[in-house]
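*Asks:* next comes the sequence, and after it the predicted model I'd like to discuss.
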Amino acid sequence: QLQLVESGGGLVQPGGSLRLSCAASGFTLDYLAIGWFRQAPGKEREGVSCISSSGGSTDYADSVKGRFTISRDDAKNTVYLQMNSLKPEDTAAYYCAAGWGCSWSPDYDYWGQGTQVTVSS
């Protein structure tokens, strides 16, 4: 069964950090670009970050630049999103997705089920 599973979400205070993981099972991420998206209640899903299949290219939404870092460990078949200096407006369900190239639109072939991030004091 082909699956992406996110983990690492939770409740954190403003200014805190979380590291999200996106682990693949049933297939290898080696040749795939990975994107992170998020969706807050009542809002559309938005792209947060993306990393190319080689890991040599990364991109970030303006709202998270300088605070979030995407990385990949192909040996572990896992992609990470390190989130620092979290703000209440980062509160959302976070999803990872795998596809053949980075895109800010949800044109990805595989999606995880999401992990909730809540930033609140």
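*Replies:* Happy to help now that I have it.
*Asks:* centre-most residue in this structure?
*Replies:* Per C-alpha atoms, centre = their mean, the C-alpha nearest to the average position across the chain is that of Trp36, at 2.9 Å.
*Asks:* tell me the contacts of it?
*Replies:* When contacts are counted by C-beta atoms under 8 Å, 6 or more residues apart in numbering, Trp36 is found next to 20, 22, 47-50, 70, 79, 81, 94-97. The way it works is simple: take the backbone N, C-alpha and C, and place the C-beta from them, glycine included.
*Asks:* export those to a markdown table and tack on distance to Tyr108?
*Replies:* What follows is these, written out as a markdown table (distance: C-beta to C-beta, whole Å):
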| residue | distance to Tyr108 |
| --- | --- |
| Leu20 | 16 |
| Cys22 | 12 |
| Gly47 | 10 |
| Val48 | 13 |
| Ser49 | 13 |
| Cys50 | 10 |
| Ile70 | 14 |
| Val79 | 12 |
| Leu81 | 15 |
| Tyr94 | 14 |
| Tyr95 | 9 |
| Cys96 | 9 |
| Ala97 | 3 |
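*Asks:* take these and keep only those in helices.
*Replies:* The helices, defined by DSSP state H, take in nothing from the contacts of Trp36.
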